[in-house]
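Undergrad: Need a 3D model of the sequence below.
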Amino acid sequence: MKKVHFIAIGGSAMHNLAIALKLKKYNVSGSDDEIFNPSKERLEKYGLLPKNMGWNEDNITSDLDSVIVGMHARADNPELLKAQKLGLKIYSYPEYIYEQTKEKTRVVIGGSHGKTSITSMILHALNYLNINHDYMVGAQLEGFECMVKLTEDSKIAVLEGDEYLSSPIDRRPKFHLYQPNIALLSGIAWDHINVFPTFENYLNQFEIFIDKIEPKGSIIYFDGDENVKTISEKAREDISKIPYNTPPFSINNGITSVLIEGQEYALEIFGEHNLQNLKGAQLVCNQLGVSTTEFYEAIQSFTGASKRLELVKRTSNFAMYKDFAHSPSKLKATTKAVKQQFLNRELIACMELHTFSSLNKEFLAQYNGAMQYADKAFVYFSPKTLAHKKLTAISPEEVKEAFATDNVTVYTDSNNLIKDLKAMDWKNKNLLMMSSGNFDGVDFLELSNELIN
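TA: From the prediction side, this is the model:
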């Protein structure tokens, strides 16, 4: 029985990997200085919650086969220092995922946006068709107990390829470590400016990702993005290059259908960006031996990944959606999707500036026109969050000027935003709530019930 210890086991990715290894019958232990739900409840369920919070170098013993260190830990973490002193095998999260899947056909989904959705679509199709596979995905999916699955017998591993850093002692982007046999690149829009200070530097990470594709592998890429198209077409001669774009589609009575090889398929999902994601997922599945007909038969029942245009509440004349969107390109794509799906309804779109990039004064100009498809756009940010992230103060006037459309109203108090939403008449309107946070603790389902009542 292999013995593995996690330093910073409470992370969203780390705790899922810990559970996956426990299910694989490994002897798993872990530590952290603080753990919140849902990680806490899930670790407790599997008997993996540390008895005491904090770091203890006594957790590190010479009989450990591996130590996995998460981004939440620091380079001077006492457990990490002892592991280094003992000469133990130390892995970052992505390094260990590669170690577990290096003998399999690895599919890696990269891009600034759409990664989770595309990965989820592929997993849904493979599950529907009873094709055994390992996986790692960055969001909770309906019907999945754990977001990581690692087995001995699967020949396929489907991995979401995040471009953020691997660990406090490994500053490489995670997706540089997976070395895909089949890679997908969905789009490139500058993000993580605290790590990649210029767009050129950020773009270079994706060039490296493509260069890491295994010999005679393939790159499936969205050719509607000029940056993606350019770097994909420059890939090595031995790599197969497979472009994709938006498939033909129609919208009738709020239902989107795609026309594929003369056959119409009605979908649960909608939005051009989701249809592009769908086409990319189809091409990946084709590479894995799934026919196009099989894929679209399976995908008709796909309802979407958690917090990706996720339906909160729907009535005959109202719908509320929540979405993880926070970057400029995601905001634009998501608001456009909801507006196009319900052309006869007014769209009220709310977004929260929450990430380091979105709250950075130098980055704000990237939001020019990002909310233009909403009839009314409400943008919220917390001055306390700015102070906590030690960022330069910004004013509501500067935020409104950055978005550069007259439909935008800016809030610095989420209570006032919610109060104004509750004062509106919601007949024949849709509400879209977009954030990587939660607008300071808003319960979206409770809010939707209050609005329609």
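
Undergrad: Name the surrounding residues that touch the lowest-mean-pLDDT helix or strand in the chain.
TA: When the helices and strands of the chain are scored by mean pLDDT, DSSP states H and E, helix 383-388 comes last with a mean of 89. Under the contact criterion CB atoms under 8 Å, 6 or more residues apart in numbering, helix 383-388 has outside partners H354, L359, T392, A393, I394, T412. In short, each C-beta sits where N, CA and C put it, glycine included.

Undergrad: Whichever of the residues you listed end up buried, select them in PyMOL.
TA: Only the buried entries of those go into this PyMOL selection, using 16 or more other CB atoms under 10 Å:
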select buried, resi 354+359+394+412
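
Undergrad: Let me have the contacts of helix 383-388 in TSV, adding distance to G217, secondary structure and pLDDT as columns.
TA: Output for the contacts of helix 383-388, formatted as TSV (distance: CB to CB, whole Å; DSSP: H, G, I helix; E, B strand; the rest coil; pLDDT from 0 to 100):
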residue	distance to G217	secondary structure	pLDDT
H354	36	coil	88
L359	38	coil	89
T392	43	coil	91
A393	47	coil	93
I394	44	coil	94
T412	48	coil	96
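
Undergrad: Centre-most residue in the protein?
TA: Nearest residue to the geometric centre of the chain (CA atoms, centre = their mean): T116, 4.4 Å.

Undergrad: What is the helix or strand where that residue lies packed up against?
TA: Using DSSP states H and E, T116 falls within helix 115-128. With contacts taken as 3 or more CB pairs under 8 Å, 6 or more residues apart in numbering; DSSP states H and E, helix 115-128 sits against strand 105-110, strand 156-160, helix 272-287, helix 292-299.

Undergrad: quick one: the nearest residue to I188 once chain neighbours are set aside and I210, what's the gap?
TA: In space, and not counting its chain neighbours, I188 is closest to N227: 4.5 Å by CB to CB, 6 or more residues apart in numbering. Separation of N227 from I210 (CB to CB, to the nearest Å): 12 Å.

Undergrad: Who has more neighbours out of these two?
TA: Higher neighbour count among N227 and I210: I210, with 22 against 18, using other CB atoms under 10 Å.

Undergrad: Which helix or strand contains that one?
TA: helix 199-211.

Undergrad: contact partners of that helix?
TA: 108, 110, 161, 163, 173, 175-176, 183, 185, 188, 190-192, 196, 219, 227-228, 231-232, 234-236, 239.

Undergrad: what do you get if the cut-off is 6 Å, keeping everything else the same?
TA: Contact partners of helix 199-211, identified using CB atoms under 6 Å, 6 or more residues apart in numbering, comprise G110, E163, P173, F175, H176, I188, W190, F196, I219, I231, A235.

Undergrad: would you list those residues in TSV and tack on secondary structure?
TA: Listed next are the contacts of helix 199-211 as TSV, based on DSSP: H, G, I helix; E, B strand; the rest coil:
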residue	secondary structure
G110	strand
E163	coil
P173	strand
F175	helix
H176	helix
I188	coil
W190	coil
F196	coil
I219	strand
I231	helix
A235	coil
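
Undergrad: ok, of the residues you listed, which one's closest to G369?
TA: When the contacts of helix 199-211 are compared for distance to G369 (CB to CB), W190 wins out at 15.6 Å.

Undergrad: Please give the number of neighbouring residues around the closest residue to that closest one other than its chain neighbours.
TA: With sequence-adjacent residues excluded and distances taken as CB to CB, 6+ apart, W190 is closest to F199, at 4.6 Å. By the criterion of other CB under 10 Å, F199 has 15 neighbours.
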